[in-house]
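Undergrad: requesting a structural model of the entry that follows:
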Amino acid sequence: MVLLAAAILGGTAATYLLDDDAILPARLCMGVPLGIVGFGLVGYVLGWLFGLSAGTVIASAAIVLAGPLVILGKKGRRAPQEDVARTRAEATRALRSPTRATVATVLFYAFMLFLMTRLLDRAFFEAPEGGGVFTGVDHNLGDLPFHLAIATSFVYGHNFPPEHPELAGTRLTYPFLVDLVAAMLMAAGASARRAFRLENLVLGGALVGLLHRFALRVTRDRLAALLAPLLMIASGGVGFLWLARDVDPAVDGLVGLLRRPTHDYTILPAGPLRWGNIVITMLIPQRSFLLGLPLFLIVATLWWQAVTDEDRTRARRRLLAAGAVTGIMPLAHAHAFTIAMAVGLALAVLFPDRRGWLRSLGLAALMAIPQVLLLASGSSMQSRRFLEWHVGWDRAGLGLLHFWWLNLGLFIPALLLALLWRGGRPVVDKTLLRFYLPFALCFLVPNLVRLSPWIWDNIKFMIWWHLVSSLLIALLLARLWRSGFKARAAAAALFVLLTLSGALDLWRAASDKIVLQIVPPEGTAFADDVRGATPVGATVLHAPAYNSEVYLTGRRTVVGYLGHIWSQGLDAGSRDEDVKKIYAGSPDAAELRDRYGVDFMVEGPHERAMDAFDDLALRGLPVVVQRGTYRLYRVR
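TA: Now for the predicted structure:
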């Protein structure tokens with residue numbers, strides 16, 4: 001906790017180089033993702049050079065904390081003191097004479113932080129008696145073991161430069177920084193559960209603050225700034241209509257169903273609901289998104305400040321700062337980096353400032369190139385799997401309008417109303433409309449082109465459109481709320497309809513009703529045994545399951561879950577079939593083991609569940625570890 005706090009304070013100090021008028025709470029929110037990225041980047045270099053240990057982690061935290069203070073010099077001591085004094089004075093004044101806006105803001109943060117803590121705490125937990133890997137979110141079943149595999153490969157396997165934890169010999173192209181920082185916390189003494197939890201909670205809290213700050217800056221409306229994050233966090237379509245089908249009057253009716261919901265109401269595996277609530281489908285399972293979204297919000301806020309600032313010198317400093325933050329994104333979140341570069345280029349055309357935008361985008365590219373090369377060098381990623389005409393995203397034959405009505409409900413009609421409103425004064429002024437146009441393309445393009453091997457992953461591009469669109473709809477709701485009783489009732493009804501499906505899914509995840517076992521306690525104990533009995537760099541053969549115990553050991557894997565490998569555009573070749581042949585004891589099993597450099601083989605529930613498994617294939621191999629139903633055999 002101390003090391004993570006030091007990194008965050010270093011990131012907070014760095015904000016004085018980025019933004020000259022942010023208040024202290026905003027700086028702390030910005031400092032969380034900036035500090036974590038800095039901590040991870042420095043830790044990567046030191047870990048590669050000297051190994052990941054408590055010593056290198058402490059050194060990384062010290063460098064991240066001291067670096068910005070040294071650069072700032074005297075201002076580094078004076079500016080925070082002034083901010084603390086100003087924040088204390090404003091807090092005292094608000095407590096003595098609280099306004100409705102102040103009370104509403106305090107209640108907003110109390111609710112949001114409580115909600116995010118509950119949700120993120122369900123991402124990863126252990127059995128009551130200790131051990132095991134469990135999750136409370138369906139969509140995290142496959143993602144959590146993958147992220148654990150990345151983290152353990154760093155802390156237990158010295159995985160520098162990073163090899164894919166489910167495909168030995170292949171470069172890891174997934175943005176790994178958030179998992180590297182978890183590994184650093186583990187190297188400093190935290191358990192995997194605690195490391196993931198600490199990182200998740202600080203990033204979740206920072207996300208709430210940065211969402212509110214971005215909305216407040218762009219809308220300049222206190223009510224809209226409170227509504228926009230709620231629209232984003234509780235995203236969903238009209239899945240709540242499925243409640244009528246699911247209610248069973250014989251089993252407590254609606255109350256009984258809400259007490260234990262049986263499925264999600266924003267996404268269904270077989271469709272037609274595919275949008276999914278952002279928290280349960282992205283922020284919890286895709287941990288890099290939990291880091292990438294706050295970074296993008298910092299950049300987007302700087303963009304907005306720059307394009308609306310009449311002081312061009314200060315605007316250009318902000319654009320340069322936006323470029324610097326964009327430049328540290330590739331290892332944190334590749335999609336956020338891609339969108340930041342594309343939207344930044346479009347904004348450069350819409351808000352011409354040749355010197356400002358050229359320096360910003362140039363600095364971003366210069367800082368990003370080493371990271372992009374690290375991800376791309378030696379990769380087996382197949383680019384042909386990423387680009388193809390595909391109209392209508394994941395609609396699977398449904399009519400386009402019908403599909404988007406089911407998945408977003410009144411979101412698009414409300415957005416169009418906000419854009420077209422001409423009564424009195426427009427809801428969206430010309431400057432905001434220009435700023436919004438590049439984000440509209442983030443929705444249009446993924447509806448025409450498949451940008452990922454798995455079509456659903458196109459949502460990783462569309463979500464940025466949803467983010468900024470939520471601000472415009474929040475402005476519409478705020479305008480309606482102030483327009484009389486009937487309009488206020490319409491605003492309240494519209495808000496409920498826009499968030500009801502998402503709220504149902506958030507309740508389902510936060511209410512502790514979902515308990516999904518990924519690895520049993522006996523399996524985590526076996527993983528500890530394997531780690532103690534095998535050398536760093538050893539290759540362990542196991543069944544290609546998404547939840548293999550080997551992912552907790554930090555050892556190399558011949559082939560893991562094919563769903564991860566395929567969705568990341570990688571080619572596993574015939575490895576899956578070859579693993580089956582080895583466990584079936586085929587005549588060429590020994591040759592295949594030699595080809596893949598297998599040092600050890602696992603026999604456990606996953607392996608015995610394979611169709612062609614034959615225990616004769618393991619006869620003659622010495623048993624190195626035996627625990628319950630698990631055995632580890634030495635091959636060479």
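Undergrad: and His542, what does it touch?
TA: Contact partners of His542, counting by C-beta atoms under 8 Å, 6 or more residues apart in numbering, are Ser548, Glu549, Val550, Thr557, Met601, Val602, Gly604, His606, Glu607. The way it works is simple: take the backbone N, C-alpha and C, and place the C-beta from them, glycine included.
Undergrad: do the same with Leu144
TA: Applying C-beta under 8 Å, 6+ apart, we find Leu144 in contact with Ala123, Phe124, Val133, Thr135, Pro285, Ile518.
Undergrad: now the fifth one: how far from Leu141?
TA: By that I understand Pro285. Taking C-beta to C-beta, to the nearest Å as the measure, Pro285 and Leu141 are separated by 8 Å.
Undergrad: what does stretch 362-378 contact?
TA: Stretch 362-378 is contacted from outside by 161, 170-173, 175, 320, 322-324, 326-331, 334, 337, 340-341, 344, using C-beta under 8 Å, 6+ apart.
Undergrad: now stretch 101-120
TA: Under the criterion C-beta under 8 Å, 6+ apart, residues 94, 197, 200-201, 204-205, 207-209, 212, 222-223, 226, 229, 233, 279-280, 283-284, 506, 509-510 lie in contact with stretch 101-120.
Undergrad: cutoff 7 Å now
TA: 94, 200-201, 204-205, 208, 222, 226, 229, 279, 284, 506, 509-510 (C-beta atoms under 7 Å, 6 or more residues apart in numbering).
Undergrad: got those residues as TSV, with secondary structure, distance to Gln568 and neighbour count columns?
TA: TSV is the format used below for the contacts of stretch 101-120 (DSSP: H, G, I helix; E, B strand; the rest coil; distance: C-beta to C-beta, whole Å; neighbours: other C-beta atoms under 10 Å):
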residue	secondary structure	distance to Gln568	neighbour count
Ala94	helix	48	15
Asn200	helix	22	23
Leu201	helix	27	16
Gly204	helix	25	24
Gly205	helix	29	20
Val208	helix	30	20
Arg222	helix	42	17
Leu226	helix	38	21
Pro229	helix	30	24
Val279	helix	23	28
Ile284	coil	19	27
Leu506	helix	28	23
Ala509	helix	25	27
Ala510	helix	30	22
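Undergrad: in strands only, show me the contacts of Leu144.
TA: Within the contacts of Leu144, residues falling in strands by DSSP state E are Val133, Thr135, Ile518.
Undergrad: most neighbours among the residues you listed, which one is it?
TA: If you count neighbours using other C-beta atoms under 10 Å, the busiest of these is Val133, which has 26 neighbours.
Undergrad: that one reaches Leu516, doesn't it?
TA: No. Between Val133 and Leu516 there is no contact under C-beta atoms under 7 Å: 9.7 Å.
Undergrad: hang on, Gly236 in a helix?
TA: No. Per DSSP: H, G, I helix; E, B strand; the rest coil, Gly236 lies outside any helix segment and is coil.
Undergrad: tell me which stretches of the stretch 51-200 of the chain form helices.
TA: Using DSSP state H, counting those that start in this stretch, the helices of the stretch 51-200 of the chain run over residues 54-72, 75-96, 100-121, 143-157, 177-187, 192-219.
Undergrad: rewinding a little: identify, from the contacts of Leu144, the entry nearest to Ala59.
TA: Here the nearest of the contacts of Leu144 to Ala59, counting by C-beta to C-beta, is Phe124; it sits at 27.6 Å.
Undergrad: got the phi and psi for the closest one?
TA: The phi/psi pair for Phe124 (degrees, to the nearest 10) reads phi -160, psi 120.
Undergrad: can you pull the contacts of it?
TA: Going by C-beta under 7 Å, 6+ apart, Phe124 touches Val133, Thr135, Leu144, Arg193, Phe196, Arg197.
Undergrad: ranges for the helices of the stretch 301-450 of the chain?
TA: Going by DSSP H, counting those that start in this stretch, the stretch 301-450 of the chain shows helices at 312-327, 334-350, 354-376, 400-408, 411-420, 430-444.
Undergrad: confidence score at Glu388?
TA: Looking at Glu388, its pLDDT reads 87.
Undergrad: neighbours of it, how many?
TA: If you count neighbours by other C-beta under 10 Å, Glu388 ends up with 11.
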